[in-house]
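Engineer: I would like to see how this sequence folds:
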Amino acid sequence: MARYKPVHKGLKLLPVDFDQQILPGSFEFALCHLVDHEMDLSAFHARYKNDEQGASAFDPAVLIKIILLAYSRGIISSRKIETACRENVTFMSVSGDSQPHFTTLAAFVATMGDLVTTLFAQILTVCERQGLIGHHMFAIDGVKLPSNASKAKSGTRQDYQRQLDKMEASARHMIERHQAQDHQPQDAELARKDAEKLARLQQEAQQLQQWLQDHPDDRKGRKNRVILSNRTDNESAKMATGKGVIQGYTGVACVDDKHQIIVSAEAHGTGSEHELLLPAIEATGALLHADTIITADAGYHSEANLNALAEKAIDAFIPDNGYRLRDPRYANQSVHTQKADPLWDKRRTEPKIVLFSAADFSLAPDHRSCVCPAGKTLRRNGSNATINGYAALLFKGVVSECGGCDRRAECLRHPEKTRVRQVAFLQGKRPGAASHSDKMKAKIDAELGRRMITQRFATVEPVFGNLRANKQLTRFTLRSKKKVDGQWKLYCMMHNIEKLAHHGYAA
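Structural biologist: Just a heads-up that it's a prediction; the model follows:
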């Protein structure tokens with residue numbers, strides 16, 4: 001029988017040279033070199049006032065190294081980071097055998113504030129010096145992630161007031177029932193549980209009442225519309241994702257196409273992508289050159305955004321929602337849309353009623369009338385009309401024919417309210433009425449536009465794949481926009497350091 005040398009597992013006492021554990025070319029080597037030789041941490045040192053009194057503190061450089069190394073390993077929990085600093089040789093080597101408590105690590109991340117923005121900019125300066133930023137194309141996209149906020153505690157002030165009224169009514173009912181049972185024998189355990197339930201209910205009602213006093217107005221969004229507030233983190237937002245509705249933030253990143261360096265990163269408490277395009281572009285600062293091309297997905301397409309880009313003379317490729325229907329490369333996409341969705345809701349739903357459209361009406365040769373699918377005649381109701389920049393012919397039915405028609409349910413959205421059907425035939429764009437959206441559609445449908453959309457996918461999507469799948473960024477662990485934004489920038493900064501390490505920085 002063959003004999004083999006013994007394999008040692010488990011505990012073994014060995015002399016370890018920490019300096020020899022950090023190998024050149026690795027992420028931790030680039031990280032340590034950046035923190036020790038490139039980063040200006042004077043703003044962090046200024047926060048400590050223990051030069052004469054007080055206990056000694058952990059060096060901010062050490063804490064930054066520990067946190068970024070943990071994020072690169074997919075570790076986000078401060079308790080797990082503390083454990084790694086005690087048990088993992090790489091963490092011991094990077095931290096100089098420092099073993100900060102998990103509360104120290106969590107507090108440091110939560111209180112970094114605007115200082116992380118300075119660190120992010122310093123890393124970008126190194127990336128620029130190393131030639132990793134090409135300035136040819138910046139691809140913008142965002143990812144919606146849940147945060148440390150309760151989705152169940154979202155609503156308007158009116159919703160909260162109804163909840164408070166119900167709590168107070170329940171508390172009064174319990175008190176009245178207890179008073180009625182004061183002179184009757186009661187089980188001691190049951191009485192204790194009722195008392196705890198009443199105290200908990202009164203405490204929740206008091207907290208809710210205090211929140212209403214502290215927030216006298218509803219939270220407002222675009223066009224002064226009322227949006228849902230949240231009692232655990234009022235700067236977060238309830239947003240729809242492919243995995244359902246979450247309570248969290250949108251992390252937006254602007255990625256350079258040369259080596260996928262993140263040139264700007266910011267977290268926003270909204271799920272509406274329209275309003276996030278211009279802030280992402282402005283955050284790139286001096287890195288945005290006059291000939292830099294901006295690309296984004298259809299969620300950022302709006303007339304207002306395209307108009308603002310035109311005013312700033314920024315070359316952009318931002319497709320509309322229907323660009324795939326016009327692109328022959330997606331001609332067979334219906335095959336995939338017909339596949340079963342693993343998140344498909346199997347509850348029975350009523351089939352949607354498809355109403356008659358303008359294509360179902362027959363326009364007379366003289367354009368003075370049209371005939372509906374039921375054979376009724378609609379007369380001309382307007383001339384020289386304009387709908388969204390298109391010249392239009394308007395027609396309207398008469399009550400004597402539409403009122404008694406047996407196909408009203410197929411023709412009118414609200415047959416019980418609407419008396420007659422109206423229909424418009426679009427005749428093409430009026431001269432000089434082309435919008436920025438129309439110009440962008442023509443730009444996207446051209447060969448260059450299709451190539452830029454493909455390049456956008458290859459630039460920004462792998463970055464989010466790395467952060468979410470490889471680095472396990474599945475949620476933000478903090479509350480408030482300022483703290484979540486700092487954590488998002490830390491992850492994006494870690495991604496950039498990883499790129500530096502892969503391209504031989506300080507090796």
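
Engineer: using the three-state scheme, assign Ala139.
Structural biologist: Using DSSP: H, G, I helix; E, B strand; the rest coil, the structure places Ala139 in strand.

Engineer: report the beta-bridge partners for it.
Structural biologist: Val255, Thr295 (DSSP bridges).

Engineer: you'd agree it is up against Cys254?
Structural biologist: Yes - between Ala139 and Cys254 there is a contact under Cβ atoms under 8 Å: 7.3 Å. C-beta here means a position set from N, CA and C on the backbone, and glycine is covered the same way.

Engineer: what's the weakest-modelled helix or strand in this structure?
Structural biologist: Ranked by mean pLDDT, DSSP states H and E, the weakest helix or strand in the chain is helix 333-337, scoring a mean of 67.

Engineer: how about the longest helix belonging to the chain: buried residues?
Structural biologist: Taking DSSP state H as the criterion, the chain has its longest helix at helix 188-214. If you call a residue buried by 16 or more other Cβ atoms under 10 Å, then helix 188-214 has these buried ones: Asp194, Leu198, Leu201, Gln202, Ala205, Leu208, Trp211.

Engineer: roughly how far is that helix from the heart of the chain?
Structural biologist: On the basis of Cα atoms, centre = their mean, to the nearest Å, helix 188-214 sits 35 Å off its chain's mean C-alpha point.

Engineer: after that helix comes which helix or strand?
Structural biologist: As assigned by DSSP states H and E, the chain's next helix or strand after helix 188-214 is strand 219-220.

Engineer: for that following strand, packing partners?
Structural biologist: Secondary-structure packing of strand 219-220 (3 or more Cβ pairs under 8 Å, 6 or more residues apart in numbering; DSSP states H and E): strand 226-227.

Engineer: I'd like the next helix or strand past the strand it packs on.
Structural biologist: Counting by DSSP H and E, what follows strand 226-227 is strand 229-230.

Engineer: who's in contact with that following strand?
Structural biologist: Outside strand 229-230, the residues that touch it by Cβ atoms under 8 Å, 6 or more residues apart in numbering are 149-150, 153-157, 160, 215, 218-219, 236-238, 247.

Engineer: inside strands: which ones of those residues?
Structural biologist: Applying DSSP state E to those, the entries found in strands are Ser154, Gly155, Arg219, Ala237, Lys238, Gln247.

Engineer: got a list of what the fourth one touches?
Structural biologist: Counting by Cβ under 8 Å, 6+ apart, Ala237 touches Ile227, Leu228, Asn230, Gln247, Gly248, Tyr249, Thr250, Gly269, Thr270, Gly271.

Engineer: also the last one?
Structural biologist: Contact partners of Gln247, counting by Cβ under 8 Å, 6+ apart, are Pro146, Ser147, Ala149, Ser150, Lys151, Ser154, Asn230, Asp233, Ser236, Ala237, Lys238, Met239.

Engineer: so what sits opposite it in the bridge?
Structural biologist: Judged by DSSP bridges, the bridge partners of Gln247 are Lys238.

Engineer: could you check how far it is from Pro365?
Structural biologist: Going from Gln247 to Pro365 by Cβ to Cβ, to the nearest Å gives 58 Å.

Engineer: and if you look at Leu426?
Structural biologist: Per Cβ to Cβ, Leu426 is found 18 Å from Pro365.

Engineer: domain assignment for this structure?
Structural biologist: Following automatic domain parsing, one finds the domains of the chain at 18-45+57-111, 137-147+236-320+443-488, 157-217, 358-420.

Engineer: pick the most buried one from those.
Structural biologist: Compared across those, domain 137-147+236-320+443-488 shows the largest average neighbour count, a mean of 19 (mean count of other Cβ atoms under 10 Å).

Engineer: hmm, back to that, can I get the contacts of Ala237 in a markdown table including distance to Thr90?
Structural biologist: Shown next, in a markdown table, are these (distance: Cβ to Cβ, whole Å):
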| residue | distance to Thr90 |
| --- | --- |
| Ile227 | 45 |
| Leu228 | 44 |
| Asn230 | 39 |
| Gln247 | 35 |
| Gly248 | 31 |
| Tyr249 | 31 |
| Thr250 | 33 |
| Gly269 | 35 |
| Thr270 | 38 |
| Gly271 | 38 |
